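Q: Sequence first, predicted model second:
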Amino acid sequence: MTLPRQDEDRAAGTAGRPVLRSAYQRSVAAYWDSEKDPVNIRLGDIDGLYHHHYGVGEYDPAVVAAPADSRDAAIIGELHRLETAQADLLLDHLGDIGPGDHLLDAGSGRGGTSFVAQARFDCQVDGVTISQAQVEFANAQARTRGVADRVRFHYRNMLDTGFGTGSRQGIWTNETTMYVDLYELYREFARLLSYGGRYVCVTGCSNDLTGGRSRAVSEIDARYNCNIHPRSEYFKALAAAGFVPINVIDLTAATIPYWELRAQSSVATGIEESFLTAYREGSFHYLLIAADSIGS
Ligand code: GPP
Ligand code: MG
């Protein structure tokens, strides 16, 4: 019997266990199944790379000064360029990846970073997400881009992917770790990575040097139905799973221009001031962590 692709994933991927395990996970899936924000769709429409992460780098001030009839399109183009630059920066830290290698995009959204990775490394990429709408969108995008035999999206839980032990040469999470328990996540990643495999994380994390979470961080959590982790939690959970960081980069200063530009655009969603406040007051960091697995 041939199963539809999603059922096949459900059966093979999680050994009979359901993809969604809790009321919280069901609520996260429901959010992403119905998400259609212009800030994501209009940017993605530019070149078919639909991202669910933010941007890094300076924007070109000319876009803000552009004539009224072209200004908004210029700003949207620039926001998209900065988001793609963020994906490129993440992938810069994955190490030597080549044809024949298999990567995992954990929390793959509409597929943006996976397509950037495949184009760069000419490798195989699997993305997992608990949103069936995102799986369908991203697989349609893979077909449109002519890479469906190399980039595949699955309805699976990143805490229990069902992929083979040691099957991955690289794994990343691009702003997705705030939806899961880090200890569980990194146990699964340690299992999946082959010898020498690297994990790269870009995330927003709260600054636990200054105590509990700030109001602005709580506003971000409420907006996305996520649970932003304290900075220290990342390093404890990585160490517990046998990961050793090789690069830690504070991208906070590099992401602030993106938020300043987004706040002036027609696609602003209302969360911009919370990000700007959190970053500027130092209660929140935008961090890249690259880590090698030495086995637990
Ligand atoms: C959403 O990206 C990203 C998250 C939910 C992760 C939260 C990130 C932090 C750094 C805390 P998106 O592109 O879907 O969001 P938006 O619709 O606001 O552009
Ligand atoms: Mg977005």
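A: Arrived safely, thanks for sending. Ligands and ions are numbered 1, 2, ... in the order given.
Q: ok, E78 touching Y59?
A: Yes. Counting by CB atoms under 8 Å, Y59 is a contact partner of E78 at 5.0 Å. No exception for glycine: its C-beta is placed from N, CA and C like everyone else's.
Q: These two: who's more crowded?
A: Legend: neighbour count by other CB atoms under 10 Å for E78 and Y59, higher for E78 (26 against 20).
Q: Tell me the confidence at the more buried one?
A: Predicted confidence (pLDDT) for E78: 98.
Q: Which neighbours do E78 and Y59 have in common?
A: Contact with both E78 and Y59 is made by residues L261, according to CB atoms under 8 Å, 6 or more residues apart in numbering.
Q: Grab the most central residue of this structure for me.
A: By CA atoms, centre = their mean, the mean C-alpha position of the chain lies nearest to N174, the distance being 2.3 Å.
Q: hey, what's that one bridged with?
A: Under the criterion DSSP bridges, N174 forms beta bridges with V202.
Q: That one touches V202, doesn't it?
A: Yes. Taking contacts as CB under 8 Å, N174 lies within contact range of V202: 5.4 Å.
Q: Between those two, which contacts overlap?
A: Residues touching both N174 and V202 (CB under 8 Å, 6+ apart): 53, 86, 90.
Q: neighbour-wise, which of these leads?
A: Q86 (27 neighbours).
Q: Check the protein for the residue nearest ligand 1 and tell me.
A: G204 (2.7 Å; CB to the nearest ligand atom).
Q: contacting residues around that residue?
A: Going by CB under 8 Å, 6+ apart, G204 touches 175, 178, 220, 228, 284-287.
Q: 7 Å instead, please
A: The contact partners of G204, by CB atoms under 7 Å, 6 or more residues apart in numbering, come to 175, 228, 284, 286.
Q: so who does the second one touch?
A: When you say that, I think you mean I228. 178, 204-206, 217, 220-221.
Q: now, which of those residues lie within helices?
A: When DSSP state H defines the helices, the subset of those inside them is 217, 220-221.
Q: ok, those vs G111, which is closest?
A: I220 (23.6 Å; CB to CB).
Q: Next, count neighbours for the closest one.
A: By other CB under 10 Å, 21 other residues sit near I220.
Q: Within the helices and strands, which one has the residue nearest to it when sequence neighbours are not counted?
A: Spatial nearest neighbour of I220, excluding adjacent residues (CB to CB, 6 or more residues apart in numbering): S274 at 5.4 Å. For S274, the host element (DSSP states H and E) is helix 272-281.
Q: Give me the contact status of that helix with ligand 2.
A: No. Judged by CB under 5 Å from the ion, helix 272-281 stays clear of ligand 2, getting no closer than 11.3 Å.
Q: Helix 272-281 and the next helix-or-strand element following that helix, what's the angle between them?
A: Of the helices and strands lying after helix 272-281 in sequence (DSSP H and E), the nearest is strand 284-293. Relative orientation of strand 284-293 versus helix 272-281 (axes from the mean of the first three to the mean of the last three CA atoms, to 10 degrees): 70 degrees.
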